[in-house]
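Trainee: turn this into a model:
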Amino acid sequence: MFFDTPREAEPFDASYIEIARLQKQLLSLRYDAAQRIPRPLPVRRKGLFGRETVWPDGYEPTAQRLQAAQQALGAQRRAAGYANDLCWWSLPWEQAAPALLQMLTLPQEEDEPDETGWRHSVSFWPQPGQDGRQLLCLGMRAHKQEHSSSRHTQDVERSAYTRAEREGLVGAYNQRRNAQAAAHMYFGNSTGVYSVPTGWSYDTAAAYYASPEYMAERMRSEVQYSESLYTVEEQRVLHVSSNSQDRVSVHAVCEYRIDAGGTLDWLAPLDFAELQATSGDTTPAAALQQRDAAVLAALWLAAEPSLQRVPLSLFAAGYDKDNYADVMRLAGVLTCLADKLTGG
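Mentor: Below is the predicted model of the structure:
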């Protein structure tokens, strides 16, 4: 069961239910149950440099009523001989509220990735459990799409000729130049050569064709002719790659049973035990840290149409817990189920 074996309910059920319902009203002003996220609180200027939180309409009067109800119940219990050490109903709301909001906040389908690049979605559904009970399951999906890109430039040759054809044309060009030089030396070797670019004079054609000046000019002209056969175009190249990671897991939230009359007679949290998971590089279960399975189950059950009544006696054994986490859990459960709580 929820907390060990229930004992006889204490004679303060009406006060417990009043406190739970006041807390439910306060929670509904701070928490969007449909989206499973806290409602943002605006801030306004106070004085020259200060800021103050703007509470929703009706929030502060309801918080005052809650505090008065807590004090009145404490006085009644002391008069009846009960101690008020650490009780779910006596927790200051300013302490309980942030803890409950953290317990109840879960990611919905996200349009944008979080700071780690992951998107999440969450869903709940019941399925048959053991011994006529129902198993409430929570499905979580985490998806990450990674993109990377790199840029570089490269030279691309454009030509009407293939590389082999260009080599052939350059070879033929050199042959023509050689033939011209040979003819010059054969028919006019004795005629001197005057170089206009350098102003140098050569006594014979053979002396000119054997000179460093001619060899340098031949090399330049060969390169110029070769480069005239093609053009070089600089291209900017962008490489883009994409990698997708996806993981789906199913977790057990609780076992519960609702009898034929619509009364909850069994609730046992299962603390998100993993029932099924796909392989992946990360686990959506990380989003369940600092969440409470019992409180999330109570939130889901509060909206379950087949559930009409939740007797306080189902949780009576939890009143004696002295662990803060257990007390906060019970406060969260009863707050979420407040509208369906009954005495006894």
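Trainee: give me the below-cutoff pLDDT ranges for the stretch 201-344 of the chain.
Mentor: The stretch 201-344 of the chain contains residues with pLDDT under 70 at 234, 237-244, 278-287, 317-322, 344.
Trainee: all helices of it, in order?
Mentor: In the stretch 201-344 of the chain, the segments counted as helices under DSSP state H, counting those that start in this stretch are 205-209, 212-228, 293-302, 324-336.
Trainee: surely W55 forms part of a strand?
Mentor: No. Counting by DSSP: H, G, I helix; E, B strand; the rest coil, one finds W55 to be coil, located in no strand.
Trainee: doesn't L41 make contact with it?
Mentor: Yes. The criterion here is C-beta atoms under 8 Å, and W55 meets it with L41 at 7.2 Å. Placement of C-beta: from N, CA and C, glycine included.
Trainee: hmm, back to that, dump the helices of the stretch 201-344 of the chain to a markdown table, plus mean neighbour count and distance to G343.
Mentor: Shown next, in a markdown table, are those (neighbours: other C-beta atoms under 10 Å; distance: least, C-beta to C-beta, whole Å):
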| stretch | mean neighbour count | distance to G343 |
| --- | --- | --- |
| helix 205-209 | 18 | 122 |
| helix 212-228 | 12 | 99 |
| helix 293-302 | 24 | 18 |
| helix 324-336 | 23 | 13 |
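Trainee: right, so of the ones you listed, which gets closest to G129?
Mentor: Across the helices of the stretch 201-344 of the chain, G129 has its closest neighbour in helix 293-302 (12.7 Å, C-beta to C-beta).
Trainee: got a list of contacts for the closest one?
Mentor: 2, 33, 100, 103-104, 106, 124, 136, 138, 253-254, 256, 264, 267, 269-272, 307, 310, 329, 332-337, 339-340 (C-beta atoms under 8 Å, 6 or more residues apart in numbering).
Trainee: buried only: go through those for me.
Mentor: Among those, those buried by neighbour count (16 or more other C-beta atoms under 10 Å) are 2, 100, 103-104, 106, 124, 136, 138, 253-254, 256, 264, 267, 269-270, 272, 307, 310, 329, 332-337, 340.
Trainee: just those: which are in strands?
Mentor: F124, L136, L138, V253, C254, Y256, L264, L267, P269, L270, F272, V310 (DSSP state E).
Trainee: and the gap between the last one and L337?
Mentor: Here the distance between V310 and L337 works out to 5 Å (C-beta to C-beta, to the nearest Å).
Trainee: the fourth one now?
Mentor: For V253, the distance to L337 equals 15 Å [C-beta to C-beta].
Trainee: all set, thanks.
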